[in-house]
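Fold the following.
(chains A and B)
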Amino acid sequence: KAGVTQTPRYLIKTRGQQVTLSCSPISGHRSVSWYQQTPGQGLQFLFEYFSETQRNKGNFPGRFSGRQFSNSRSEMNVSTLELGDSALYLCASSFGQGDTGELFFGEGSRLTVL
Amino acid sequence: AQSVTQPDIHITVSEGASLELRCNYSYGATPYLFWYVQSPGQGLQLLLKYFSGDTLVQGIKGFEAEFKRSQSSFNLRKPSVHWSDAAEYFCAVVGGGADGLTFGKGTHLIIQP
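Purely as a prediction, here's the structure:
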């Protein structure tokens, strides 16, 4: 059974640009959550999608957005990039809604903003 | 809002020795508690979880954790560590369904030969 796949794995952007990250969940999983990981702030919850609907959203500015498609694949977008957006972005999937906590994580997309 | 504290940023243990990683949480009701492990360059893997019932839970890779409500703790233990256990360990809590998982800052485990 394939795991959670995130693309791209690494990317470099400059301030002011935007970026789109993609996540393919484990087959049959309907929930996709996104987390930001930085050395200073640790792991922080961005948002969760379940059956194409955003269920929960963390405390991030509106520049961070996401969506989920009918096949459960998800994308997140960050507009007007800032230096502080440099981070590892982790996607996690679960069969049911993500607040049971049993999440399967991808390896992440490492974003560097110059 | 819930919070998680992992007091030890780094822990060094000799291979074959026992291990205990500390985790304290803050949440009004009975939380769902988790331990995840992250190896370098990898995502997170669930080691074990506590929802309710028996307060001593068994996980993968020989790990166990004990929920102590009176101490608001959920410490992770392993009787004998292996070099492959070197990684970052995260304690997490979820409650109320509003904010996803709340993670601690992590404990970096170093294994000495």
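
low-confidence ranges in the chain?
Using chain A here. Applying pLDDT under 70 to chain A flags residues A:1, A:98-99, A:101.

please go with chain B instead
For chain B, the ranges with pLDDT under 70 are B:95-98.

For it, which residues are neighbours of chain A?
By the criterion of Cβ under 8 Å from any Cβ of the partner chain, the positions of chain B lying close to chain A are B:32, B:34, B:36, B:41-46, B:49, B:90, B:92, B:94, B:96-106. In short, each C-beta sits where N, CA and C put it, glycine included.

Weed out the non-buried ones from the residues you listed.
B:32, B:34, B:36, B:43-46, B:49, B:90, B:92, B:94, B:99-106 (16 or more other Cβ atoms under 10 Å in any protein chain shown).

List the ones among the residues you listed that fall in strands.
B:32, B:34, B:36, B:44-46, B:49, B:90, B:92, B:94, B:102-103 (DSSP state E).

beta partners of the residue most central in space within chain A?
Centroid-nearest residue in chain A: residue A:34, 3.2 Å away (criterion: Cα atoms, centre = their mean). With DSSP bridges as the criterion, residue A:34 is bridged to residue A:47, residue A:91.

Please name the residues that touch residue A:91.
A:4, A:6, A:21, A:23, A:25, A:32-35, A:74, A:76, A:105-106, A:108-109 (Cβ atoms under 8 Å, 6 or more residues apart in numbering or on different chains).

Nearest to chain B, out of the residues you listed: which one, please.
Among these, residue A:105 lies closest to chain B (Cβ to the nearest Cβ), at 3.4 Å.

for the closest residue to the closest one other than its chain neighbours, what are its contacts?
Using Cβ to Cβ, 6 or more residues apart in numbering or on different chains and skipping residues adjacent in sequence, the residue nearest residue A:105 is residue B:43, 3.4 Å away. Listed by Cβ under 8 Å, 6+ apart, the contact partners of residue B:43 are A:4, A:90, A:92, A:105-108.

Get me the contact residues on chain A for chain B.
A:4, A:33, A:35, A:42-45, A:47-48, A:55-56, A:58, A:90, A:92, A:97-108.

so of those residues, which ones are in strands?
A:33, A:35, A:42-45, A:47-48, A:55-56, A:90, A:92, A:104-105.

So of the residues you listed, which two are at opposite extremes in space?
Within those, two members stand farthest from each other by Cβ to Cβ: A:42 and A:55, at 22.1 Å.

can you tell me the helix or strand for residue 20?
All of this refers to chain A. Following DSSP states H and E, the helix or strand that holds residue A:20 is strand A:19-24.

that's the wrong chain, I meant chain B
Counting by DSSP H and E, residue B:20 is part of strand B:19-21.
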